[in-house]
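J.: Make a model of this:
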Amino acid sequence: MEKYFRQYGIFQFGASTELCVQTLPLTPPDTQQVLLRVMSTSVNPIDIKTRSGLGYVAAGKLPDAFLPLGYDVLGEVVQVGDDVTRLQPGDTVIGMVGFAAHPGCYATHVYAAARELIKVDQKADVSLSGLCLAGLTAWQALADFEPDNRPVYINAATGGVGHLLLQIGRLRGFEVIPVSRRTEHELFAALGMRAITPTDYLAQPRGGILIDLVGGTLGLQMTKNLLPGSELVTIPTVTKEQILAVAREQQVCGRGLLVEANQTQLAQLYEAVQSGQLKVAVSQQFELSDIQQAHEYLEQGAHCGKVIITA
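T.: Okay, the predicted model is just below:
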């Protein structure tokens, strides 16, 4: 077994140029942990936000301390803790690991709690790491709702969470309406969906359910445009309180969402991928050593779906 592993993260907040690597010794996992060899991970907006010094994960960083990044993993089990019985060395697994206070999947190896992982096919595609945080966020955003005659509006519909939310919403029987400035994007044609622009959405008051993946000014505008009795889930934490305050003014029932690891939900997402009902779109793939370029690519905002990192 290898003696060391590489882990990428930051010592200081800032641009993608702050991303750096440290080499650490491999030690046995704790009793309820699993040591994984990382096959792939993915870049999520929270990684960019944390690297930039925003949000509560960044707020918890000690000055000059190294903060590893990354929450998604597709990996091979190398070693299991003494109390782990469900997994064994050689198994292939996926999971959202360490969310939110203990990221570390931008690495060649990672320690994960066994409860965060599910077993998958050994020939799993590297795109599966992109299913974890984004897929669980999408699933949990709709978890409190049942399909009825109300439309579900989804902004940032071509993003990592958005493109999965479109598919999950349709699978569950909702009338899904993507809201995107890229209405002619091939994603919508492939899904057989008609997108509307934010301007279209704001042209008249809307009733139904809004899943806000953007926050900020657009999230506030779209919330203010909701009719009384509508419902809202907002994902970005930075503007959550502002948007929920506007929702209350509009007599809209709103809540924020902080994604949680959930083996049952992740297994359902994986089954949907296996059956061809759900697909993780990969916009670009990078090597782990090119993590800086991967962050820069995501920040350009031209991606559709997920940005995958192979270790």
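
J.: Of all the strand elements in this protein, which one is longest?
T.: The strand that spans the most residues within the chain, counting by DSSP state E, is strand 33-43.

J.: what helix or strand is residue 102 on?
T.: Of the helices and strands defined by DSSP states H and E, none includes residue 102.

J.: and it, what pLDDT?
T.: Note for residue 102: predicted pLDDT of 96.

J.: what about it, distance to residue 56?
T.: Distance, residue 102 to residue 56, by CB to CB, to the nearest Å: 13 Å. Glycine gets a C-beta too; all of them are placed from N, C-alpha and C.

J.: picking that back up, neighbouring strands for the longest strand of the chain, and are they parallel or not?
T.: Strand 33-43 has its sheet partners listed here by DSSP bridges as strand 72-80 (antiparallel), strand 109-113 (antiparallel), strand 306-310 (antiparallel).

J.: Could you provide the ones you listed in TSV, with additional columns for mean neighbour count, mean pLDDT and distance to residue 27?
T.: Putting those into TSV (neighbours: other CB atoms under 10 Å; pLDDT from 0 to 100; distance: least, CB to CB, whole Å) gives the following:
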stretch	mean neighbour count	mean pLDDT	distance to residue 27
strand 72-80	24	98	10
strand 109-113	23	98	9
strand 306-310	24	98	24
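
J.: closest one to residue 202 among those?
T.: For residue 202, the closest of those is strand 306-310, at 28.5 Å, according to CB to CB.

J.: what's the neighbour count on residue 141?
T.: Residue 141 has 26 neighbours, counted by other CB atoms under 10 Å.

J.: again, but for residue 53
T.: 14.

J.: Quick check: closest non-adjacent residue to it.
T.: Leaving out its chain neighbours, the residue that sits closest to residue 53 by CB to CB, 6 or more residues apart in numbering is residue 13, at 3.2 Å.

J.: Skipping adjacent residues, who's closest to the residue nearest the centre of the chain in space?
T.: Of all residues in the chain, the one closest to the mean position by CA atoms, centre = their mean is residue 134, 2.7 Å from it. Setting aside the residues directly before and after it, residue 134 is nearest to residue 160 in space (CB to CB, 6+ apart), at 4.2 Å.

J.: wait, doesn't residue 56 sit right on residue 238?
T.: No - Residue 56 lies out of contact with residue 238 (CB atoms under 8 Å); the separation is 9.9 Å.

J.: ok, which stretches of the stretch 1-150 of the chain are strands?
T.: Under the criterion DSSP state E, counting those that start in this stretch, the stretch 1-150 of the chain carries strands at the ranges 4-10, 19-25, 33-43, 67-68, 72-80, 92-96, 109-113, 117-120.

J.: which one of those strands lies closest to residue 307?
T.: Closest of the strands of the stretch 1-150 of the chain to residue 307 is strand 33-43, at 4.4 Å (criterion: CB to CB).

J.: what about that closest one, average pLDDT?
T.: Strand 33-43 shows a mean pLDDT of 98.

J.: any idea of the angle that strand forms with strand 4-10?
T.: Going by axes from the mean of the first three to the mean of the last three CA atoms, to 10 degrees, strand 33-43 is angled at 50 degrees with respect to strand 4-10.

J.: okay, the lowest-mean-pLDDT helix or strand in the chain in CSV with CA atoms only?
T.: In the chain, the helix or strand scored least confidently by mean pLDDT, DSSP states H and E is helix 55-59, which has a mean of 92. In CSV, the C-alpha atoms belonging to helix 55-59 read as follows (Å, rounded to 0.1, in the frame of the first residue of the first chain):
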residue,chain,number,x,y,z
GLY,A,55,-19.7,31.1,3.8
TYR,A,56,-19.6,29.4,7.1
VAL,A,57,-17.0,26.7,6.1
ALA,A,58,-14.6,29.5,5.3
ALA,A,59,-15.5,31.3,8.5
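
J.: What lies in contact with that helix?
T.: With contacts defined as CB atoms under 8 Å, 6 or more residues apart in numbering, helix 55-59 is touched by 13, 46, 49-50, 52, 67, 100-101, 103, 237-238.

J.: go with 7 Å
T.: Contact with helix 55-59 is made by 13, 46, 49-50, 100-101, 237-238, as judged by CB atoms under 7 Å, 6 or more residues apart in numbering.
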